[in-house]
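> Need a 3D model of the sequence below.
(chains A, B and C)
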Amino acid sequence: MEEERSQNGPRLYERIYAAVRQIPVGRVATYGQIARLVGGCSAQMVGFALAALPNGSDVPWQRVINAKGKISPRGIGFGSLIQRTLLEEEGIVFMQDEIIDLNTYGW
DNA sequence: AGATTGACTGCAT
DNA sequence: CATGCAGCCAATC
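The predicted structure follows:
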């Protein structure tokens, strides 16, 4: 297990989760955006944190996408399909290649 | 303590 | 537009 003892109060993961929770409905943010917002961590850490996220958590991980405005590949399967559906439920419209217009929906 | 990996990013080819 | 390479930092082996 990861070193659960942190000295800053909220763990690094918790900080990332907090940032993701701040994304308003109908908006999306990139990993890099979250990483910069949290500070002291890189985009890859954001993905790592979300990957460790338990199912049914209150963190809108679906609103976090990559810099291309697409859903992260995250392996093959339904995961990305579920994410796309969730975003559409929130009012986000995808373009032809399943790309999200960050210029419009970007946080 | 060291090597490997990863839901990333950006530039180069 | 697809593929490759380097930088990135923490978790995991």
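
> All the strands of chain A, in order from the start?
All strands of chain A, identified by DSSP state E, fall at A:29-30, A:64-65.

> Which strands and helices lie in contact with the first one?
The helices and strands touching strand A:29-30, judged by 3 or more Cβ pairs under 8 Å, 6 or more residues apart in numbering; DSSP states H and E, are strand A:64-65. All C-beta atoms are positioned from the backbone trio N, CA, C, and that covers glycine.

> what's next to the strand it packs on, contact-wise?
A:20, A:23, A:28, A:29, A:30, A:31, A:34, A:46, A:50, A:71, A:72, A:100 (Cβ atoms under 8 Å, 6 or more residues apart in numbering).

> Neighbour count, distance to residue A:12 and pLDDT for those - can I get that in a markdown table?
Formatted as a markdown table, the contacts of strand A:64-65 follow (neighbours: other Cβ atoms under 10 Å; distance: Cβ to Cβ, whole Å; pLDDT from 0 to 100):
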| residue | neighbour count | distance to residue A:12 | pLDDT |
| --- | --- | --- | --- |
| A:20 | 24 | 13 | 95 |
| A:23 | 20 | 18 | 96 |
| A:28 | 24 | 22 | 95 |
| A:29 | 22 | 18 | 96 |
| A:30 | 20 | 18 | 95 |
| A:31 | 22 | 14 | 95 |
| A:34 | 27 | 12 | 94 |
| A:46 | 27 | 10 | 93 |
| A:50 | 21 | 13 | 92 |
| A:71 | 22 | 24 | 92 |
| A:72 | 16 | 20 | 90 |
| A:100 | 23 | 27 | 93 |
